[in-house]
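>>> my questions concern the predicted model and sequence given below.
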Protein chains: 2
Amino acid sequence: MNEPAYGDGPRPRGDTRARIRQVALELFAEQGYEQTSLREIAERLGVTKAALYYHFKSKEDIVAAFTEDYGAEIDALIAWAAAQPRTTQARRELLDRYIGIVMGSSEVFRFLERNQAAVKGLEGGKRRFEQFRPRLEALVQILVGQQAPLRERVRATAALTAASMSCMFFMKDADDPEELRAIVLELASGLVDVPTPQLS
Amino acid sequence: MNEPAYGDGPRPRGDTRARIRQVALELFAEQGYEQTSLREIAERLGVTKAALYYHFKSKEDIVAAFTEDYGAEIDALIAWAAAQPRTTQARRELLDRYIGIVMGSSEVFRFLERNQAAVKGLEGGKRRFEQFRPRLEALVQILVGQQAPLRERVRATAALTAASMSCMFFMKDADDPEELRAIVLELASGLVDVPTPQLS
DNA sequence: GTCTATAGACGGATAGAC
DNA sequence: GTCTATCCGTCTATAGAC
């Protein structure tokens, strides 16, 4: 998922595509997709706009380069989870894997979070960019079932969104990612698997 | 907060500014700020672009028209909460009021959520558009204190974000808003005020 | 693979008539 | 208050030389 780090010497040719993807992700996540022009990306890399078009056929395609991996990971998780028995143990495992994916791709997640409107408008010609909602709903359905009462659906949705948001907010300055992960998992599990707390 | 509803007759003149604000909010929330041109807003209202500029001095100013009210509500909540004792009861009351604000302005919240990148880039000349983060952090600090351990800060953050997200997701097709509100409040309260569940 | 140069489109904003 | 007409900037994307 991460690019190898190089020293100060001349960068090896052939990784240009990867470097474009990386710089674009950083800028898109930080400033926004619409707020970042290809000129800016090119300048940051010390090349020209036209060079970018040698590696990617459009601005949109750069986004696809880093979101498709993330989407595939979530889809794989959904496929795996759908085949599990609906037990407390399996739900916990699902949440743990989900948190792992989000923490592992936290910058992609940040990008998606802060550019929902922009991503949604990206030529869904083949529905390439249906990132958020359908996948969230699929996971909720697996966690509590389709006909679950409102309370259970709300809590499952909250568990997933809270987990992702927490990773986003605290990953940056977390000195111990494992501690954060444990906290988030406990929090999310508690939301889906505490049947009737019944506090006033 | 809502505009009065009129029949089929000719609309009363003088509410044009309010109608612009309303239509803009709908389009900005649905399609995105950058994805919505002033031409589109004008067309939807049956006027021209230039007319919009009579009522608002810029596109950015239209956004300010509906976000400033929302921001003021949150700021008032922060001021109120800062003066409360730090008790379980007060925390619950804070969350309840927060949920009330979000549910009452759920479309504004949707807009802010889906256009974070765009809003951030909006000429923060006077920091008019610092909507999300600082206010969230202020509320977290009031809920658990500044020096609270990571776990408490994460859970308080999760309580607030989960509450807002849940309102956003479920307000649309909730036949009973009060039921939703109770569910969300219970969920959020449980996150900030269950000391050591210690399940494993 | 990377460059220069430019096409082609669209958006925000303004001037001035009515 | 609303219109027509237009300015000016920026952006994506492409053509063609090296």
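Perfect, I can see it now. Everything numeric in this text was worked out from a predicted model, so none of it was measured.
>>> whether the lengthiest helix in chain A contacts DNA strand D - can you check?
Secondary structure assigned by DSSP state H gives helix A:59-82 as the longest helix of chain A. Yes: judged by Cβ under 7 Å from any atom of the strand, helix A:59-82 and DNA strand D are in contact via A:59-60. All C-beta spots, glycine's among them, are computed from the backbone N, C-alpha and C.
>>> look up the closest residue to residue A:44, ignoring the ones flanking it.
Spatial nearest neighbour of residue A:44, chain neighbours left out: residue A:23 (5.3 Å); criterion: Cβ to Cβ, 6 or more residues apart in numbering or on different chains.
>>> try residue A:155
Using Cβ to Cβ, 6+ apart and skipping residues adjacent in sequence, the residue nearest residue A:155 is residue A:191, 4.9 Å away.
>>> run through who's touching the helix or strand that neighbour falls within.
In the assignment (DSSP states H and E), residue A:191 maps to helix A:177-192. Residues outside helix A:177-192 that contact it (Cβ atoms under 8 Å, 6 or more residues apart in numbering or on different chains): A:91-92, A:95-96, A:99-100, A:103, A:143-144, A:152, A:155-156, A:158-160, A:162-163, A:166-167, A:170-171, A:174, B:150-151, B:154-155, B:158, B:162, B:187, B:190-191, B:194, B:197, B:199.
>>> pLDDT wise, what is the residue nearest to residue A:86 when sequence neighbours are not counted at?
Spatial nearest neighbour of residue A:86, excluding adjacent residues (Cβ to Cβ, 6+ apart): residue A:145 at 7.3 Å. On pLDDT, residue A:145 comes in at 95.
>>> quick revisit: put the alpha carbons of the helix holding residue A:191 into PDB.
The C-alpha trace of helix A:177-192 is given here as PDB (Å, rounded to 0.1, in the frame of the first residue of the first chain):
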ATOM      1  CA  PRO A 177      -2.000   2.900  17.000                       C
ATOM      2  CA  GLU A 178      -2.700  -0.300  18.800                       C
ATOM      3  CA  GLU A 179      -4.100   1.400  21.800                       C
ATOM      4  CA  LEU A 180      -6.300   3.500  19.600                       C
ATOM      5  CA  ARG A 181      -7.500   0.400  17.700                       C
ATOM      6  CA  ALA A 182      -8.400  -1.400  20.900                       C
ATOM      7  CA  ILE A 183     -10.400   1.700  22.100                       C
ATOM      8  CA  VAL A 184     -12.300   2.000  18.900                       C
ATOM      9  CA  LEU A 185     -13.100  -1.700  18.700                       C
ATOM     10  CA  GLU A 186     -14.400  -1.800  22.200                       C
ATOM     11  CA  LEU A 187     -16.500   1.300  21.500                       C
ATOM     12  CA  ALA A 188     -17.900  -0.100  18.300                       C
ATOM     13  CA  SER A 189     -18.600  -3.600  19.700                       C
ATOM     14  CA  GLY A 190     -20.500  -2.000  22.600                       C
ATOM     15  CA  LEU A 191     -22.800  -0.300  20.200                       C
ATOM     16  CA  VAL A 192     -23.800  -3.400  18.300                       C
END
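>>> flag every buried residue along that helix.
Buried residues in helix A:177-192, defined by neighbour count with 16 or more other Cβ atoms under 10 Å in any protein chain shown: A:180-181, A:183-192.
>>> what do you get for stretch A:60-71?
Buried residues in stretch A:60-71, counted by 16+ other Cβ under 10 Å: A:60, A:62-67, A:70-71.
>>> re earlier: give me the contact list for the longest helix of chain A.
Contacts of helix A:59-82 from elsewhere in the structure, counted by Cβ under 8 Å, 6+ apart, are A:1, A:20-21, A:24-25, A:28, A:33, A:38, A:52, A:56, A:90, A:94, A:97-98, A:101, A:105, A:108-109, A:111-112, A:119, A:122-123, A:128-129, A:131, A:135, A:138-139, A:142.
>>> which among the residues you listed end up buried?
Judged by 16+ other Cβ under 10 Å, buried ones among the contacts of helix A:59-82: A:20-21, A:24-25, A:28, A:33, A:38, A:52, A:56, A:90, A:94, A:97-98, A:101, A:105, A:108-109, A:111-112, A:119, A:122, A:128-129, A:131, A:135, A:138-139, A:142.
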